[in-house]
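In: Sequence and computational prediction follow.
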Amino acid sequence: HKSETKIFFSQPMKPITTMNNKKTAIAGLALLSFARSSVGSTKQLEELFTKLESDVLDFRDKVEALYANRCDADSLDACKAASYDMCSSEYPFQTCRADEQLTIPACAEGSAGKCGGLFDYTTSTVRIPKDLADGMNGNPTDKTVVETVCYSRPLTDWMVGKYETDKTYWERLGVKEPQMYFGSHDGAFRIFPGRHSPECGTYDPRLRPWYIAGSSGPKNVVLVVDTSGSMGGGTGRKIKLLREAATLIVKTLTVADRISIVEFNTDAHSFPQNGMYVATEENKQKLIDGIGKLEANGQTNFYEAFDKAFDSLDQTARNEQVNRCNSAILFLTDGLMTPHLGGTEDNVKIMIRTRKAQYESLMGGNRPLFMFSFSINDQPGQDVNKLPKEIACETMNGIWSEIIDIDNIVSDMGSYYKLFALGLGESSNKNFVAWVEPYAFATGGNWGTTVSAPAFDRSVEPPLFLGVVGMDFTLATIDIALGREPGSSTKDVHPDTLKEIVDKSMAICPTLNLTQCTLQSYRKFGKSGEDAMCAGVMCSEGDFVDVEPKKCSGMSDYPSNLWANNLLQGKSYEDRVCCLEGERDPSNECPYHDFRTNSEAGNLSQGATVGIVIGAIAAGVCVLGCFVNHKRKNIEKKCSVGKSQTGVKEPECFDNEAAPVAMATPVIVPIPPPSNPAYSGASVPSYR
C-alpha cells in the first residue's frame, strides 16, 4: 500500500519553511528592505500600503453602518428594480475600455478598431450563485439574500465617490484604479465598477481565497482523509464526496496558509513526509491532482492517522516552520473504524486529547488547535456519526457535521470557515486585514493582489460575521512606488514585489478566544443542529448566543424583483461585453463574427478546401490518440490502489510527475500565480 500511495501524491521535496514568529511580527517593516532605489520610493510604498489598508477598513465600516439600518421599510421599498445583475442587465452609463490594463481576452480579436470590454463607473453590479437565484429572472427568494442586496445597494454611492476622489492618485502612478467588492456570508456579491460576468450562476464569493483570507487569517491545516474500503462500498458515492470536500478545502487556502494531507486506511501516509507546504497555487494544484486519484481499499486505522497528523504539526512547530498562528485538523471519514486496529476507540480519543495539549504548548499556549470532524454519508440518517462526533467533542474546540450531498457541499463544509470568522469579531481583531497571493486579473493579463477585511454586526455579543470587503490593485503599482519599471505580465513582475506581498499576507495573526458556550451555540444553531452538541458542555439557555445574522423581524413586503432590467438575458458573454474602444454599446466586430450570407458561405474557397483536408488529417490523429489514451487508462487501472495483488508497482506505473514546489530557506520565494483565468472559460478560477 505504501508504494501504491505514491501514485496519487507526488513525492515531497523538503518541507517549506516560513518565517519564525519574531520575523512574522515585523514582516510589515521587513518587506521594505528589498531592492529600494531611494528613501523617497520607500516612503511611497509605505504610503501605498497604508492607504490601501485604511481604505479597505473604511469600506468595511460603511458595510457595517448600512447593515445596522437594513430593516428600514423605506430602504427595502427603494430597493425594488434598483440593482444590476451581472449576467442579464444592461448598465446605464457603460463605456468601452480597451487599455492595456483592462484587456478582455474574449474580446481581443476584432475585425476593426481596438476591442475592449464594457464597464460602468457610475454603478455597481451584483452576482448571486444559481442555487440562490431561484426566483423569476434570476432573483433570489431567500429573504436574507434579498436584504443583503438591498442594504448593500447604497455602497454604490460610497464606491463611486471613492473612485472619483482617488482617480488623480492612481493616474499619477499610471496604474488601473482598484476594483471594490463585498462578498456576503449568504453568497451575494456586489462589485464596482459595474462589469459583466463571463459565467452566470457559478460564482460564489465564499469560496474565493480573498474571502477566506479575510474571514480566517493565516492558519495551519492538516487534512486527514479516510480512504479505507468502506469509503468505496455501495455506489462509491462516499469516496466521491470525500474528493469533492478535500478539493474544496485545498482550493480555499491562500499563500498565508500551511497545508499537509494525511491519507489513511490500513496505514497512514503524510504529504509531505516532514513539514507542511505553503498553499501556493502550484502546490495546491499538485495536491488537488493527488486528491482526484484517491481510491478506497483496506481497513481503517484512526490511531495512526491522527498520530501522523500531530507528528506533522509538532515537527514544524519545533523547527519554527509552521505559522505561529491558528491551526486546525480537518477529519473526513465515514466513521467506520476497524476494531482494535492501532488501538481502541478510547485509545484514539486519549491520544488526541494528549497530543493536542502538547502541540498547543509548543505554540506558546495562546493559539488553539481546532478539530473539524466531518461524517461522509452516502445515505442520510446512516448511523456512522458517533465516533467522529466524539473525536470533535474530545478536543473541546471541535465541531462535528455531516457531508451528505455534493450540491450542498458549501453549506456542509461551512463550519470550517465560519467558526474562524466568528472569532475574528473580537475587539482585538478590529483592524485585521488580509492580503492574498498575487494572481492574474481576469480583465487582462496583469498581475495583482487583493487586500480584504471582515465585516461584523458589532451591536451584539459575540459580533456576527456579515462578509468580507476587498480592494484589488496591480503589482505594477508597487513596482512604480519603488522606482522600478512596472511589469505588465507574470514574466515581467519583479520577484521582490512578489516577496513583499507574500510577507504582507503573513504579517497579522488574529486572536481567537471563543468560549465553550459560544462553541456550543455554534454547534446547536449550525447545519447539524442539536445532534452536533457536545454532552460535556454545560450551558444554560441564557448562555446560548446567535452565531449568524437573522433576517429582519416583522417585515413582510420584500421586493420580488431586484433588477433594474433584464435586457441582456440569454445573451452570450461576448455579446454582452465586447465593444469598440470609446463606444457605449456592444459591437458585432468584437469579437469577430462571420456575417456572410448562407449562399456566400456555401461557395467553398480554396482555403476552406484546404481546411477540410487538414480536418480529415486531424480526425485521423484523434483516432490514434484515442487508442493511446485507451492503453494509458488500462495502465492507470493496473496501477490504482487496491488493484495490485503483490504490492509491487509495475515498471510502467512509475511517473515523472514533479513534486509540489518547496520554498527556499529561509525566505519564501512565491510560486507564479495561476494563468490568466480569462473570460473564455479557463480552468483556473479568478480570485474575484
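Out: Arrived safely.
In: so how far is residue 387 from the closest residue to residue 545 other than its chain neighbours?
Out: Once flanking residues are discounted, residue 545 sits nearest to residue 521: 4.9 Å by C-beta to C-beta, 6 or more residues apart in numbering. C-beta: built from backbone N, CA, C; applies to glycine. Computed as C-beta to C-beta, to the nearest Å, the residue 521 to residue 387 distance reads 24 Å.
In: neighbour count winner among those two?
Out: residue 521 (21 against 18; other C-beta atoms under 10 Å).
In: Enumerate every residue touching that one.
Out: Residue 521 is in contact with 539, 543-547, counting by C-beta atoms under 8 Å, 6 or more residues apart in numbering.
In: try 6 Å this time
Out: For residue 521, the contact set (C-beta atoms under 6 Å, 6 or more residues apart in numbering) comprises 544-545, 547.
In: Tell me the secondary structure at it.
Out: helix (DSSP: H, G, I helix; E, B strand; the rest coil).
In: how close does it get to residue 58?
Out: 31 Å.
In: And residue 128, by the same measure?
Out: In terms of C-beta to C-beta, residue 128 sits 26 Å off from residue 58.
In: neighbour-wise, which of these two wins?
Out: Neighbours per residue, other C-beta under 10 Å: of residue 128 and residue 58, the larger number sits with residue 128, 29 against 13.
In: The residue nearest to residue 258 when sequence neighbours are not counted: neighbour count?
Out: With C-beta to C-beta, 6+ apart as the criterion, residue 258 has its nearest non-adjacent residue at 4.0 Å, and that residue is residue 276. Around residue 276 there are 27 other residues, counting by other C-beta under 10 Å.
In: quick one, what contacts residue 276?
Out: The contact partners of residue 276, taken as C-beta under 6 Å, 6+ apart, are 258, 260, 316.
In: Now restrict the contacts of residue 521 to buried residues only.
Out: Buried subset of the contacts of residue 521 (neighbour count, 16 or more other C-beta atoms under 10 Å): 545, 547.
In: how about the contacts of residue 521 in TSV, adding secondary structure and pLDDT?
Out: Conversion of the contacts of residue 521 to TSV gives the following (DSSP: H, G, I helix; E, B strand; the rest coil; pLDDT from 0 to 100):
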residue	secondary structure	pLDDT
544	coil	92
545	coil	88
547	coil	84
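In: So which of the contacts of residue 521 is the closest to residue 500?
Out: residue 547 (36.5 Å; C-beta to C-beta).
In: Name all residues that make contact with that closest one.
Out: Applying C-beta under 6 Å, 6+ apart, the residues contacting residue 547 are 521-522, 525.
In: Then residue 389?
Out: When contacts are counted by C-beta under 6 Å, 6+ apart, residue 389 touches residue 400.
In: mind running it again at 7 Å?
Out: Contacts for residue 389 (C-beta atoms under 7 Å, 6 or more residues apart in numbering) come out as 373, 400, 532.
In: Repeat that for residue 301.
Out: 264-268, 338, 341-342.
In: Now it. Nearest residue, chain neighbours left out?
Out: residue 342 (4.5 Å).
In: Is there a neighbour count for the one you found? I'd like the number.
Out: Neighbours around residue 342, by other C-beta under 10 Å: 22.
In: Let me know the pLDDT of it.
Out: With respect to pLDDT, residue 342 scores 85.
In: And it, how far from residue 303?
Out: Computed as C-beta to C-beta, the residue 342 to residue 303 distance reads 3 Å.
In: what do you get for residue 242?
Out: Residue 242 is 20 Å from residue 303, by C-beta to C-beta.
In: Also residue 403?
Out: 23 Å.
In: thinking again about what came up before, neighbour-wise, which of the contacts of residue 389 leads?
Out: Going by other C-beta under 10 Å, residue 373 tops the contacts of residue 389 with 27 neighbours.
In: No further questions, thank you.
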